[in-house]
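Enquirer: build me a model from this:
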Amino acid sequence: MIRLRSSLALSILALTLTAAPLPAQGRSIARDYRAAADSLIRAATRDSAAYVRLGELVDGFGHRLAGSPSLEAAIDWILAEMRKDGLSNVRGEPVMVTSWVRGQESVELVTPRRTPLRMLGLGGSVATPADGITARVLVVSSFDELEKHRAEARGRIVLFDAPFTEYGETRRYRTDGAVAAARAGAVASLIRSVAPFSIRSPHTGRVSYQPDVPKIPAAALSNEDAMMLHRMQDRGDSVVVTLRMQAHELPDAQSRNVVAEVVGRVPDEVVVLGGHIDSWDVGQGAMDDGGGSVAAWEAVRLIHKLGLRPRRTIRVVLWTNEENGVEGGAAYLERHRDSLTSHVMAMESDGGVFSPRGVQVAGTDAAVNVVRQVGQLLKPIGADRVTKVDSSPEADIEPMVTLGVPGIGLDVDASRYFWYHHTDGDTLDKLDPAEMGRCVALMAVMAYVIADLPDRLPS
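Expert: Residues are numbered from 1 along each chain as shown. Sure thing, here's the model as predicted:
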């Protein structure tokens, strides 16, 4: 009997696996969904509605640092607007978030001449003593170079002047530099901003500490100032700076993930799309990630407005505090863990709503094959490229993707993204209304078609 049941189970499993790619084998996604996709593309690209709404958000509320009144006021406004849009199940799901305050801060070059330098403290950094830290600077270009000059680092401020290669590699100096410098006996850590282009515009971002290593203040200099200090050292000058930072953490604060839905005919199965609504406390957070949040919101609004009721529920989520802890993404997973098997796909835009080229997909080959077919519907806007990636394409959906939910991230022309990333220059004017409209179209088509397919996206 046990063998019979095992054989039956294996037969059912084989049939299931054979049937999983049914949309690719027995149907034509391009034919069946062309009319709906074209209507969504027209609606998303015929005006600047998404860009106008993004302007209301970023001009009206400014930056939205986790724990700040501006973030919570922005969330209140979004929830009210979503209700006006007629979306269903609009709610804020509570999340406790890190509350870090920058305070006053500065770096002044003391020798070989006296001049202020452009800087931004790194998120989560500790403060200096009230009268600051005045110390000689040791400039290095890499972790390996610091190790070679380890004996010289004690009592100094270490500056990592590491040129930008690609973000994932270069940002290690931002996240890990303070720990490496502290282990060498340094009293503070500075980095050259993580950016390929600069007009003396420092870039912030999160620093990481380790429990067994002393916490030292950490800040970013503009690229130009970091390179200047390096040249001074190379000439044999004694480079001395004074660093002052009032940074501190308050008790964790209450925030919310923003959630709204278009309820499907099979309401318990869910397709999720979104962006993160928080930002750093510089600029407006228009590019990172107000644009992605509003694009996802607009995509769901258009699906509702056009009366497209998909088979599965489409849920827009604007995650809170991606920047200083990814706490919104983690809280979403915990709240919805029991229903995670009902999550068919998770999509996020967090690379700037620039001209879309397609999507990146973390999932099985079968899932990527289906997404490629959906992508063909986006040829009219040049966004049909589908690339398989090995890990989650975005941070907020990573907890879900790690547990097997197929994940999608937008593939956009991000050639200018890191010029303004985490700076005072992240403002609305860096985005183009037409490009943003095409990102809305991409998200709307992907979300609607995957939500409506007869079979789930294979996982």
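
Enquirer: strands along the stretch 251-400 of the chain, start to end?
Expert: Assigned by DSSP state E, counting those that start in this stretch, the stretch 251-400 of the chain shows strands spanning 266-276, 312-319, 343-348, 356-362, 385-388.

Enquirer: do the stretch 101-250 of the chain as well
Expert: 105-111, 115-117, 119-121, 133-140, 157-160, 188-192, 218-221, 240-245, 248-262.

Enquirer: still on that earlier bit, the strands of the stretch 251-400 of the chain: which one's closest to G285?
Expert: Comparison of the strands of the stretch 251-400 of the chain against G285 by CB to CB identifies strand 266-276 as nearest, at 9.2 Å. Placement of C-beta: from N, CA and C, glycine included.

Enquirer: chain center to the closest one: distance?
Expert: Put simply, strand 266-276 sits 18 Å off its chain's centre (CA atoms, centre = their mean, to the nearest Å).

Enquirer: now it - C-alpha only, PDB.
Expert: The C-alpha trace of strand 266-276 is given here as PDB (Å, rounded to 0.1, in the frame of the first residue of the first chain):
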ATOM      1  CA  VAL A 266      -8.900  33.700  -6.600                       C
ATOM      2  CA  PRO A 267      -8.300  36.200  -3.900                       C
ATOM      3  CA  ASP A 268      -5.900  34.100  -1.700                       C
ATOM      4  CA  GLU A 269      -3.200  33.900  -4.300                       C
ATOM      5  CA  VAL A 270      -1.100  37.000  -4.500                       C
ATOM      6  CA  VAL A 271       1.200  38.900  -6.800                       C
ATOM      7  CA  VAL A 272       3.200  41.600  -5.000                       C
ATOM      8  CA  LEU A 273       4.800  44.600  -6.500                       C
ATOM      9  CA  GLY A 274       6.200  47.800  -4.900                       C
ATOM     10  CA  GLY A 275       9.200  50.000  -3.900                       C
ATOM     11  CA  HIS A 276      10.400  51.400  -0.600                       C
END
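
Enquirer: residue ranges with poor pLDDT in this protein?
Expert: 1-26 (pLDDT under 70).

Enquirer: so where's the longest helix in it?
Expert: helix 433-452 (DSSP state H).

Enquirer: that one: which residues count as buried?
Expert: Within helix 433-452, the residues scored as buried using 16 or more other CB atoms under 10 Å are 433, 435-452.

Enquirer: just give me the neighbour total for the residue lying closest to S201 once chain neighbours are set aside.
Expert: Of all residues not flanking S201 in the chain, T423 sits nearest, at 4.8 Å (CB to CB, 6 or more residues apart in numbering). Neighbourhood size, T423 [other CB atoms under 10 Å]: 25.

Enquirer: separation between A195 and V107?
Expert: Counting by CB to CB, to the nearest Å, the separation of A195 from V107 is 17 Å.

Enquirer: sorry, slip of the keys, the one I care about is L146.
Expert: Taking CB to CB, one finds L146 at 19 Å from V107.

Enquirer: more neighbours, those two?
Expert: V107 (28 against 21).

Enquirer: dump the residue contacts of the more buried one.
Expert: Listed by CB atoms under 8 Å, 6 or more residues apart in numbering, the contact partners of V107 are P116, L117, M119, L190, A219, L221, D225, V241, T242, L243, R244.

Enquirer: only the buried subset of those residues, as a PyMOL command please.
Expert: A single PyMOL command selects the buried members of these (16+ other CB under 10 Å):
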select buried, resi 117+119+190+219+221+225+241+242+243+244
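
Enquirer: need the contacts of V107 in CSV (columns: distance to D396).
Expert: Output for the contacts of V107, formatted as CSV (distance: CB to CB, whole Å):
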residue, distance to D396
P116, 37
L117, 34
M119, 29
L190, 30
A219, 27
L221, 29
D225, 33
V241, 37
T242, 38
L243, 33
R244, 34
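
Enquirer: just the contacts of V107 now: which is nearest G407?
Expert: Taking the contacts of V107 together and measuring to G407 by CB to CB, the closest member is A219, at 33.4 Å.

Enquirer: quick check: that closest one touching M119?
Expert: Yes: here A219 reaches M119: they are 5.0 Å apart, a contact under CB atoms under 8 Å.

Enquirer: who touches both of these two?
Expert: E105, V107, L190.

Enquirer: ok, V241 - contacts?
Expert: When contacts are counted by CB under 8 Å, 6+ apart, V241 is found next to V107, E108, L109, V110, L117, T134, A135, V137, I157, L229.

Enquirer: please apply the same query to A184.
Expert: L146, E147, R150, A153, R154, V158.

Enquirer: quickly list what the residue lying closest to the first one once chain neighbours are set aside is bridged to.
Expert: Right, the one you point to is L146. Counting by CB to CB, 6+ apart, the nearest residue to L146 once its immediate chain neighbours are dropped is V140, at 4.6 Å. Taking DSSP bridges as the rule, V140 bridges to F160.

Enquirer: contact partners for V140?
Expert: Per CB under 8 Å, 6+ apart, neighbours of V140: L146, H149, V158, L159, F160, D161.

Enquirer: and those residues, which are buried?
Expert: Counted by 16+ other CB under 10 Å, the contacts of V140 give L146, V158, L159, F160, D161 as buried.

Enquirer: can you give the domain ranges for the protein?
Expert: Structurally, the chain divides into domains by automatic domain parsing as follows: 24-100+252-452, 103-246.

Enquirer: please list only the buried members of the contacts of V241.
Expert: Going by neighbour count (16+ other CB under 10 Å), those have V107, E108, L109, V110, L117, A135, V137, I157, L229 buried.

Enquirer: bridged to the fifth one, which residues?
Expert: The residues listed as beta-bridge partners of L117 by DSSP bridges are V107.

Enquirer: surely it and V110 touch.
Expert: No: counting by CB under 8 Å, V110 is not a contact partner of L117; they are 10.6 Å apart.
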